[in-house]
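**Q** Let's see this in three dimensions:
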Amino acid sequence: MKPRTDMFFMKNKINSSFVWLPLLLITFSFAKPAEAQTDSLKVTQEIQFIDYLVASQQNTEALYLINRYINTSAFKIKADSMHFLKGKALYNQQLLHESSNAFSKVSPKFTNYLPAKLLQAYEYTHIGDSKKSEQILDSLECSDPLISELIKFEKASIYILNSNMDAFNKYQTIQDTSFNQLYDAQLKLNDYAFRIQHHKTKSPLIAGLMSAVIPGSGKMYTGKIGEGISTLLGMSVLGAITYENYSKVGISNYKTILFGSLFTVLYAGNIFGSVYSVKVYRNEFNESISHAVVFNMHIPIRTVFPHIF
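**A** As a prediction, this is how the structure comes out:
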């Protein structure tokens, strides 16, 4: 009887295995998607938290989390969001080289691809690489007329920065000023172009000749009124002292020689300074226009894409 009992026990054990095995398989099949869903939810929540940190200017904390997660397998599916947030955080810190590198890794399928590329183009312009900026803008295509006009506006700004006024004038003929988000920036850009085209250039030769005749007048010619008056008064006083010593003690007296030599050196320096002031005048004008144009490029990007700032 014992062998039969053992066989009966084994048979029941095998039958019970066939009952539990499918149940275990079903349990694991449901557990795995649930676990994946939990991981996906955690990733989404973490990205939302990083987005909050960037929006509240807590960029150091945001970058710490981004660098911690960006290369992990869990965040691979959200790589575009991570690169975009990294670019924004670095942009907020004015680390434009690093920011543009992060934006360059955003793929075209990403929702915020266009603002990322426009910001990247702006950053290249800001750091003086307008060629790369133009290449990025030329690669962008958009069916939205507002964004298309924004891309044209950014290109036109680069034309001014590169002193390509012919290209800018062509842009003006097709400029669409019907968009409220761009209108103010377009007016300013057109004004900068007008100022460049009607800017009166100064001649170094004229500045030098004026200062040779009347010391300080060359600096007044270049807009340095205060410096010009100071030079005129100083040279007048020194010239009067030199002449007075010459009249009283003669040309060979050490006082006449001292003041005469000083007057000659300052007189020559006054002429050279006036010539050099023309170069300074040109640089100051160009730099003021460049800074204004670059700043003006940034404003409509924020206006057209307020949700990313």
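**Q** Relative to residue 178, how far out is residue 110?
**A** To residue 178, residue 110 is 29 Å away according to CB to CB, to the nearest Å. Any C-beta I mention is one placed from the backbone N, CA and C, and that applies to glycine too.
**Q** what about the two, which has more around it?
**A** More neighbours surround residue 110 than the other of residue 110 and residue 178, with 16 against 10 (other CB atoms under 10 Å).
**Q** State the pLDDT value of the more buried one.
**A** The predicted structure scores residue 110 at 95 on the pLDDT scale.
**Q** Same question for residue 36.
**A** Looking at residue 36, its pLDDT is 46.
**Q** Just the helices from the stretch 101-250 of the chain, written as ranges.
**A** Assignment of helices within the stretch 101-250 of the chain using DSSP state H, counting those that start in this stretch yields the ranges 113-126, 130-139, 145-161, 165-173, 180-197, 204-213, 217-221, 225-249.
**Q** Determine which of those approaches residue 58 most closely.
**A** Closest to residue 58 of the helices of the stretch 101-250 of the chain, according to CB to CB: helix 113-126, at 19.5 Å.
**Q** Could you tell me the angle between the closest one and helix 130-139?
**A** On the basis of axes from the mean of the first three to the mean of the last three CA atoms, to 10 degrees, helix 113-126 is oriented at 160 degrees to helix 130-139.
**Q** re earlier: put together JSON lines for the helices of the stretch 101-250 of the chain, with distance to residue 271 on each row.
**A** Formatted as JSON lines, the entries for these read as follows, by distance: least, CB to CB, whole Å:
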{"stretch": "helix 113-126", "distance to residue 271": "39"}
{"stretch": "helix 130-139", "distance to residue 271": "37"}
{"stretch": "helix 145-161", "distance to residue 271": "34"}
{"stretch": "helix 165-173", "distance to residue 271": "33"}
{"stretch": "helix 180-197", "distance to residue 271": "29"}
{"stretch": "helix 204-213", "distance to residue 271": "5"}
{"stretch": "helix 217-221", "distance to residue 271": "7"}
{"stretch": "helix 225-249", "distance to residue 271": "10"}
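**Q** Export the ones you listed as JSON lines, with columns for mean neighbour count and distance to residue 80.
**A** Written out in JSON lines, the entries for the helices of the stretch 101-250 of the chain read as follows (neighbours: other CB atoms under 10 Å; distance: least, CB to CB, whole Å):
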{"stretch": "helix 113-126", "mean neighbour count": "23", "distance to residue 80": "8"}
{"stretch": "helix 130-139", "mean neighbour count": "17", "distance to residue 80": "17"}
{"stretch": "helix 145-161", "mean neighbour count": "20", "distance to residue 80": "19"}
{"stretch": "helix 165-173", "mean neighbour count": "14", "distance to residue 80": "32"}
{"stretch": "helix 180-197", "mean neighbour count": "16", "distance to residue 80": "25"}
{"stretch": "helix 204-213", "mean neighbour count": "18", "distance to residue 80": "54"}
{"stretch": "helix 217-221", "mean neighbour count": "24", "distance to residue 80": "56"}
{"stretch": "helix 225-249", "mean neighbour count": "15", "distance to residue 80": "55"}
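**Q** Nearest to residue 275 among these would be which one?
**A** Shortest separation from residue 275 across the helices of the stretch 101-250 of the chain is recorded for helix 204-213, at 4.5 Å, computed as CB to CB.
**Q** Can you give the distance from that closest one to the centre of its chain?
**A** Taking CA atoms, centre = their mean, to the nearest Å, one finds the center of helix 204-213 at 40 Å from the center of the full chain.
**Q** for that helix, packing partners?
**A** Packed against helix 204-213 by the contact rule (3 or more CB pairs under 8 Å, 6 or more residues apart in numbering; DSSP states H and E) you find helix 217-221, helix 254-304.
**Q** Can you tell me how far residue 229 is from residue 238?
**A** From residue 229 to residue 238 the distance is 15 Å (CB to CB).
**Q** try residue 81
**A** Computed as CB to CB, the residue 81 to residue 238 distance reads 70 Å.
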